[in-house]
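In: please find the sequence and the predicted model below.
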Amino acid sequence: MIEKFFKDLTEITGVEAVILYDNANSVLDSWAIPKYNPGIFTDVGETFLHAFGVLEHLNYDFGEIMIPFDRGLVYARSHSHFYLVIIARLSTPVPMLRLAVNVNLHDFLENRKVQKWMKKLSGKKFFQIKSVSLDDVEKIMLENMLEDQSNG
Amino acid sequence: MAEKSKPDILPDMVFKLSHKRSPSEVKLRSLEWAIVTQLDGVKSVGQIGEILALSWEETRAMFRRLKEEGLLVMLDASAPVQRDIPKGLLEKVEYEFTLHLGPVASVILEDILTELKRTRDTLEPGQVPLLVELISLEISHPEHRYKFEKSMLETIKAIV
């Protein structure tokens, strides 16, 4: 799926991994240079599920997140039914990543098979956080927050 | 009489990340990280400050700290740096932009180049994606914007 629909992205110099997740943090497809162990992708995706889930719940209009780290950067783009994470070298221009994602994502969403397939995916992120990755204490905290919110 | 201090950071200076020390060894604030992500050995201090919407004082203070922490290496101004964009590239950008926006495209292109503190002759290859991004934001019709971006992606993929 990545190599078919996000080929431009994988061809940008400095792009090292492209991962597509559903809203339950499952890796739908991934592409990476050999140094990456695909086992780490679930952990990477969890961070963005949390971030995008909370942003969705708060109705914030944030479609993307970019986080630099010492050896590169992570660029993530959210869609209602999935999210895409790209790991690249620090020298990779973010506008170039954004341009490729804009174009490739448009083609991806226009594809009829993808449209049909997307109907099977959950369209919500926030309420998946709890089932995916929280421990008992975090679950209780989240429930309390939601309770406070509904009472307030 | 106070000694005249030598300015340590100037807007035209160009830095790259040092290989001797990793940014992860230093506790950096988010804006300092943002500067680290912009260091490509091509953009000047002033340009990075502008991209991140920082004042000159903020930019200078953060570059000074990064330099003191040993994270930056100043590039030799005399070192050969690839600064030329392929011939005809800007004309192609302008043509496609005009196709999707209309005759006002040339004026907007010049405005954006001025914002980037560049001219058609001084624009560097690393700045082309940012230029294309800023231009595409001027195209309000989603389908036109997509067509422009698709065409530009094909054009600039090879030079970045």
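Out: Thanks, I have the structure now.
In: how about stretch A:45-53: buried residues?
Out: A:45, A:47-53 (16 or more other Cβ atoms under 10 Å in any protein chain shown). Bear in mind the C-beta positions are built from the backbone N, C-alpha and C, glycine included.
In: which one of those residues is nearest to chain B?
Out: Of all those, chain B sits closest to A:Ala51, with 14.4 Å by Cβ to the nearest Cβ.
In: what are the neighbouring residues in contact with the closest one?
Out: Contact partners of A:Ala51, counting by Cβ atoms under 8 Å, 6 or more residues apart in numbering or on different chains, are A:65, A:76.
In: repeat that for A:Asn104.
Out: A:5-9.
In: which bits of chain A sit near chain B?
Out: A:8, A:11-13, A:66, A:68-71, A:73, A:90-91, A:93-96, A:98-100, A:102-103, A:106 (Cβ under 8 Å from any Cβ of the partner chain).
In: just the buried residues of those residues.
Out: Buried members of the residues of chain A next to chain B, counted by 16+ other Cβ under 10 Å: A:8, A:12, A:66, A:68, A:73, A:90-91, A:93-96, A:98-100, A:102-103, A:106.
In: could you list which of those residues belong to strands?
Out: In strands, judged by DSSP state E, the following of these are found: A:66, A:68, A:73.
In: for those, which one is nearest B:Ala61?
Out: For those, the closest approach to B:Ala61 (Cβ to Cβ) belongs to A:Pro68, at 19.3 Å.
In: what residues are bridge-paired with that closest one?
Out: A:Pro68 has these beta-bridge partners by DSSP bridges: A:Leu73.
In: circling back: which of the residues of chain A next to chain B fall within helices?
Out: A:8, A:94-96, A:98-100, A:102-103, A:106 (DSSP state H).
In: of the residues you listed, closest to B:Glu133?
Out: For these, the nearest to B:Glu133 is A:Pro95 (4.0 Å; Cβ to Cβ).
In: number of nearby residues for residue 143?
Out: Using chain A. Counted with other Cβ atoms under 10 Å in any protein chain shown, the neighbours of A:Glu143 add up to 12.
In: oops, I was thinking of chain B
Out: Close neighbours of B:Glu143, defined as other Cβ under 10 Å, add up to 10.
In: what helix or strand is it on?
Out: Element membership for B:Glu143, per DSSP states H and E: helix B:142-156.
In: who in chain B is up against chain A?
Out: Counting by Cβ under 8 Å from any Cβ, chain B comes close to chain A at B:17, B:22-24, B:33-34, B:36-37, B:39-40, B:126, B:129-130, B:132-133, B:136, B:146, B:149-150, B:152-153, B:156-157, B:160.
In: out of these, list just those in helices.
Out: Those of those lying in helices (DSSP H): B:33-34, B:36-37, B:129-130, B:132-133, B:136, B:146, B:149-150, B:152-153, B:156.
In: of all the residues in stretch B:12-26, which ones are buried?
Out: B:13-15, B:17-18, B:23, B:26.
In: give me the mean pLDDT for that stretch.
Out: Mean pLDDT, computed over stretch B:12-26, is 84.
In: likewise for stretch B:53-72?
Out: Stretch B:53-72 comes out with an average pLDDT of 90.
In: do a quick rundown of the strands in the chain.
Out: I'll assume chain A. Going by DSSP E, chain A shows strands at A:15-22, A:27-32, A:64-69, A:72-79, A:82-88.
In: sorry, should have said chain B
Out: Assigned by DSSP E, chain B shows strands spanning B:15-17, B:72-74.
In: quick one: low-confidence parts of the chain?
Out: Since no chain was named, I'll use chain A. Along chain A, the parts satisfying pLDDT under 70 run over A:127, A:129-134, A:148-152.
In: meant chain B actually
Out: B:1-7, B:76-83.
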